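# Model the following, please.
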Amino acid sequence: MKKIISSILVLYCGMFLLNSCDQELLEVQQHGALNPDTYYANASDADANQLIAAVYTTMYDMSGNSVTDGDDGVTRTANTNVNSQNAGSNGTFTSLYRVNYLCNLIIENLTPDTDIKKQVIGEAYFWRANAYVDLIIGWGTPPLVDHVLGPDELEPANGNTSELWAYVENSLAEAIALLPAKPGLGQQEAIGGRVTKGSASALLGKAMLYKKDYAAAVSALQPLISSGLYALEPVYLNLWHVASDFSDEYMWEWNMDDADQANFENQGDDRPIRLTWRAENVTVPGGLGVSGFGGADYGKDFYDFMLAHDGKNNRYRGTIWDYEDVLDRFVELGLAADRTSAIDEFWGAAPIMQNCQGYFRIKMVPWGPHPEIEGWVSDVYDWNWADNIHSKANWPGMRYSEVLLIYAEACLGAGTNAGEGLAAINEVRERAGIEPLGSYDLEDVKGERRAELVSEGVRYLDLKRWGDAASETAGLAAYTYTFEGYDGASADYLVTPTAVPEWSDFVVGRDELNPFPYNEMLLNPNIVQNPNW
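Below you'll find the predicted structure:
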């Protein structure tokens, strides 16, 4: 019987026990345990869907967003005393190998004798490619595990970069061959929250961009863009809300149960808890509930950039509000008679908001119920929204706007398809509400990606691959800020800065890659640590 070893690092099976036990004992079939070879060989379509559901769940748990390590947030993750034992990326490393393992189990053992099983195998190819894109970007040379490991294969060395990218490309080629295609605009809901051929092509384009194989990125994305199967949501503010579930802009998404009777702890998205403004300090349109603990975490630098780049247009209004915007929104929704009463209604208790310079994240913040407003669609479960803000809006894994911007950048890098690249970046700009460009360069792409994809987990990666991380993030976390109010007469924000002496800036020659986790290296002495960790 083939051994089932979860990953190269074997944290799930206890590698230290495997190394110390008599291997013959491990060959004994446990009474009452189902032989995995038998299970996969006899799996029904329902069983196959359950197997891939475990992969979706694991990837969903890692699909959060962060501005903390870029240059757009008012606070960032501390960079002092970070090492291979306590790095925040350690858990992600382990989870990505678990995804790869679960996918390899499906690929190697599931019989493709029905359309559902073929789809599941295609999804497994997609998700193992996705896992390795993240591993390569994050760690550079992670060990390549292209099959379920046996007991004598538990200590693979660092991977070869070309072989690692080939693993991604080959996996996505298989995914594209097996996955169903979205039949047309507005047709994703029939497929549900599952990946498609278009999803795999989009991921391949992204992988080739990070590989710096720009010609391959162009080749992957050109047919996808010309297919007409995807389009931008006209109103940027609608994204990450129920109004955009199964939007033609979402390349793939995690589907939440919309029923108000759903078990919100299992079905709802709890990320809005981390994104909402402190409910004990402020009251906002729709309410926040008492569990919100996130923050208005965009800083003045990002606000100034957005104002200069976009002005107060479509994308700006779906991303960041200043205090004036918040007050105007109260009046617009009829929640205050005038701006003076809106000021009073905005603050709940003492006018203090930590980690805020007076600029408020609106992107991804859930909309609460407003029965008094005709046509209003709430994102939260009505029966419990006041105590726990869990959103029933679907969460996109990648958006078509990113596909367009990848294509525009790849055209520049490849020195080809300049007109198509210009059309792609202008499509994003026009939805944002800003003027199209007559020509474009890399600086234009950089600005567009910053404005369009803020909080989507790509900014810091962009800065690193462009070589801009050290300069763009220098000194940005030297202070934390407390927003203490607003002087409407002079339009001055009352902000108190507090020095953060323990912060250190981006370390050139080290922070381009994450450290391989210390515990993993103890189990596998063949892994060579990344430089200067």
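
# I'd like the distance between the residue most central in space within the chain and Y359.
Residue closest to the average C-alpha location in the chain (Cα atoms, centre = their mean): S63, at 4.4 Å. Distance, S63 to Y359, by Cβ to Cβ, to the nearest Å: 25 Å. Placement of C-beta: from N, CA and C, glycine included.

# which residues of the protein fall in strands?
Using DSSP state E, the strands found in the chain span residues 250-254, 320-322, 353-354, 359-361, 395-399, 479-487, 492-499.

# For those strands, give me a markdown table that also has distance to P525, mean neighbour count and mean pLDDT.
Converted to a markdown table, these look like this (distance: least, Cβ to Cβ, whole Å; neighbours: other Cβ atoms under 10 Å; pLDDT from 0 to 100):
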| stretch | distance to P525 | mean neighbour count | mean pLDDT |
| --- | --- | --- | --- |
| strand 250-254 | 38 | 23 | 96 |
| strand 320-322 | 48 | 25 | 91 |
| strand 353-354 | 44 | 19 | 80 |
| strand 359-361 | 44 | 24 | 88 |
| strand 395-399 | 35 | 22 | 95 |
| strand 479-487 | 41 | 18 | 83 |
| strand 492-499 | 42 | 13 | 88 |
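
# Out of those strands, flag the one nearest D505.
Closest to D505 of those is strand 479-487 (Cβ to Cβ; 13.5 Å).

# CA atoms only for the closest one - export them in CSV, please.
The C-alpha trace of strand 479-487 is given here as CSV (Å, rounded to 0.1, in the frame of the first residue of the first chain):
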residue,chain,number,x,y,z
TYR,A,479,4.8,56.2,14.1
THR,A,480,1.4,55.0,15.0
TYR,A,481,-1.4,57.5,14.9
THR,A,482,-4.6,58.2,16.9
PHE,A,483,-7.4,60.2,15.3
GLU,A,484,-9.0,62.3,18.0
GLY,A,485,-11.5,64.3,16.0
TYR,A,486,-12.2,66.9,13.3
ASP,A,487,-12.4,70.6,13.3
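
# Report the angle between it and strand 492-499.
160 degrees (axes from the mean of the first three to the mean of the last three Cα atoms, to 10 degrees).

# shaky segments in this protein?
The chain contains residues with pLDDT under 70 at 1-34, 64-69, 76-78, 259-268, 270, 272-274, 278-296, 348-351, 382-389, 489.

# Output the longest helix belonging to it.
For the chain, the longest helix by residue count, based on DSSP state H, is helix 115-139.

# Nearest residue to P143 in space, ignoring adjacent ones along the chain?
Leaving aside its sequence neighbours, P143 sits nearest to P156 (Cβ to Cβ, 6 or more residues apart in numbering; 4.1 Å).

# Go ahead and confirm the one you found touches N526.
Yes: using Cβ atoms under 8 Å, P156 is in contact with N526, at 6.6 Å.

# Have a look at the two and say which one is more surrounded.
Ranked by neighbour count (other Cβ atoms under 10 Å), P156 and N526 place P156 first, with 17 against 12.

# can you tell me how far the more buried one sits from Y60?
P156 is 28 Å from Y60, where distance means Cβ to Cβ.

# Show me what the nearest residue to P497 once chain neighbours are set aside is bridged to.
Nearest residue to P497, sequence neighbours excluded (Cβ to Cβ, 6+ apart): Y479, at 4.2 Å. In this structure, Y479 bridges to A499 when assessed by DSSP bridges.

# correct me, but Y479 touches T496?
No: using Cβ under 8 Å, Y479 is not in contact with T496, being 9.5 Å away.

# I figured V458 hits R449, correct?
Yes: using Cβ under 8 Å, V458 is in contact with R449, at 7.1 Å.

# Please say which of the two ends up with more neighbours.
R449 (23 against 20).

# what about the residue nearest to the more buried one when sequence neighbours are not counted, distance to K300?
Counting by Cβ to Cβ, 6+ apart, R449 lies nearest to L405, which is 5.4 Å off, once chain neighbours are set aside. Applying Cβ to Cβ, the value for L405 to K300 is 25 Å.

# between these two, who's got more neighbours?
Using other Cβ under 10 Å, the more surrounded residue of L405 and K300 is L405, with 24 against 15.

# Might you report the residue contacts of that one?
By Cβ atoms under 8 Å, 6 or more residues apart in numbering, the contact set of L405 is 424-425, 428, 445, 448-449, 452-453.

# Could you export the residues you listed to TSV, including columns for distance to C411?
Converted to TSV, the contacts of L405 look like this (distance: Cβ to Cβ, whole Å):
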residue	distance to C411
A424	8
I425	9
V428	14
V445	10
E448	13
R449	14
E452	17
L453	18
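
# So which of those is the closest to L239?
E452 (10.5 Å).

# where exactly do the helices run in the stretch 51-200 of the chain?
90-109, 115-139, 161-178, 188-191, 197-211 (DSSP state H, counting those that start in this stretch).

# In TSV: those, plus distance to E345 and mean neighbour count.
Below are these laid out as TSV (distance: least, Cβ to Cβ, whole Å; neighbours: other Cβ atoms under 10 Å):
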stretch	distance to E345	mean neighbour count
helix 90-109	41	21
helix 115-139	43	23
helix 161-178	51	18
helix 188-191	38	17
helix 197-211	43	24
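
# With respect to E435, which of these lies nearest?
helix 197-211 (25.7 Å).

# how far out from the middle of the chain is the closest one?
Mean-position distance between helix 197-211 and its chain equals 15 Å (Cα atoms, centre = their mean, to the nearest Å).

# For that helix, C-alpha coordinates in PDB please.
Coordinates of each C-alpha in helix 197-211 appear next as PDB, following Å, rounded to 0.1, in the frame of the first residue of the first chain:
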ATOM      1  CA  LYS A 197     -10.400  27.300 -17.600                       C
ATOM      2  CA  GLY A 198     -10.400  31.000 -17.400                       C
ATOM      3  CA  SER A 199      -9.300  30.900 -13.800                       C
ATOM      4  CA  ALA A 200      -6.400  28.700 -14.800                       C
ATOM      5  CA  SER A 201      -5.400  30.900 -17.700                       C
ATOM      6  CA  ALA A 202      -5.400  33.900 -15.400                       C
ATOM      7  CA  LEU A 203      -3.200  32.200 -12.800                       C
ATOM      8  CA  LEU A 204      -0.800  31.100 -15.600                       C
ATOM      9  CA  GLY A 205      -0.500  34.700 -16.700                       C
ATOM     10  CA  LYS A 206       0.200  35.800 -13.200                       C
ATOM     11  CA  ALA A 207       2.800  33.100 -12.600                       C
ATOM     12  CA  MET A 208       4.600  34.000 -15.800                       C
ATOM     13  CA  LEU A 209       4.600  37.700 -14.800                       C
ATOM     14  CA  TYR A 210       6.400  36.700 -11.600                       C
ATOM     15  CA  LYS A 211       8.700  34.400 -13.500                       C
END
